[in-house]
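Participant: Model the following, please.
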Amino acid sequence: MLFLLNEELSFPPVDYADENGLLAVGGDLDPQRLILAYQSGIFPWHDEPPMWYSPDPRMVLDLENYRPSKSLLRRIKKGEFEVKYDSAFGGVIRCCAALRDDTWISEDFIESYTKLHEMGLAHSIETYQDGQLVGGLYGLSIGQAFFGESMFHTVTDASKVAFHYLVRQSQKWAFDLLDCQINNDHLLSLGGKDIPRDDYMDLLKEALSKPKKNESWKKYSPQDIYL
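Facilitator: The predicted structure is shown next:
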């Protein structure tokens, strides 16, 4: 059953999503609606009109069993990349949009997520090489959960480096959930796995019961992260 959203700030139960995970169409990308969506196990995909998904199964990263490849660790230890947090949120989200022919990251999407960034909820991790932004990712942090949205790279492994630091920071903060949304080969290579939506909702409930970190991540140093 597909639901048509109006101005009311609400979503139907995720059990009503179709076999592709599509639950509802319409509404808007207001920051409060986006927050409610993520708290409800739902995320937006596409913008005209907004389409709201809650797939079953759901891809997550197993934070307890994450094992980076030896080749990635060697590249990080060589020191050719500089990693920062929340230093170029706008640059990261626009690079994610520009490098995809079928992007759903519209100007309205960018505007809404920028507001979430200003609220201390949306964050980016950037990878620099010789002072140039060459990779990164962005997503939302609510409670003890991080909801990954998109990543990009213009230099090999640059997005993997950003993802590695996201995982290590999530482990340091004892996050319960790192949501990867939908299965793809790149996320599988980084340690993503599919779990039943019911299990995902249990993890989400636990993560949202924990204290929130509504603040900029700029003050946190990637150099404090063990590799």
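Participant: Only C-alpha atoms from now on, for both contacts and neighbour counts.
Facilitator: Fine.
Participant: Domain map for this protein?
Facilitator: The chain is divided into the following domains under automatic domain parsing: 3-55, 59-224.
Participant: Using CSV, please lay out those domains together with mean pLDDT and mean neighbour count.
Facilitator: Formatted as CSV, the domains of the chain follow (pLDDT from 0 to 100; neighbours: other CA atoms under 10 Å):
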stretch, mean pLDDT, mean neighbour count
domain 3-55, 95, 18
domain 59-224, 95, 18
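Participant: Which strands and helices lie in contact with the top strand by length along the chain?
Facilitator: Longest strand in the chain, counting residues (DSSP state E): strand 132-142. Using 3 or more CA pairs under 8 Å, 6 or more residues apart in numbering; DSSP states H and E, the elements in contact with strand 132-142 are helix 89-98, strand 122-129, strand 145-153, helix 158-172.
Participant: List of residues touching that strand?
Facilitator: Residues outside strand 132-142 that contact it (CA atoms under 8 Å, 6 or more residues apart in numbering) are 39, 89, 92-93, 96, 121-128, 146-155, 158-159, 162-163, 208, 212-214.
Participant: need the helices for this protein, in chain order.
Facilitator: Ranges of helices within the chain are 31-39, 70-77, 89-98, 107-118, 158-172, 185-189, 197-208, based on DSSP state H.
Participant: wait, which of these is closest to P222?
Facilitator: P222 sits nearest to helix 158-172 of all these, at 7.1 Å, using CA to CA.
Participant: Identify the residues contacting that closest one?
Facilitator: Residues from elsewhere that reach helix 158-172 (CA under 8 Å, 6+ apart): 63-64, 66, 68, 72, 76, 81, 83, 125-127, 134-137, 146, 151-153, 178, 190, 222, 225-227.
Participant: what distance separates that helix from the middle of the whole chain?
Facilitator: Taking CA atoms, centre = their mean, to the nearest Å, one finds the center of helix 158-172 at 12 Å from the center of the full chain.
Participant: Run the angle between that helix and helix 70-77 for me.
Facilitator: Orientation of helix 158-172 against helix 70-77 (axes from the mean of the first three to the mean of the last three CA atoms, to 10 degrees) gives an angle of 90 degrees.
Participant: For the longest strand of the chain, which strands pair with it and how are they oriented?
Facilitator: The pairing partners recorded for strand 132-142 under DSSP bridges are strand 122-129 (antiparallel), strand 145-153 (antiparallel).
Participant: Let me know which of those strands is the nearest to K218.
Facilitator: With CA to CA, the closest approach to K218 among the strands paired with strand 132-142 belongs to strand 122-129: 9.5 Å.
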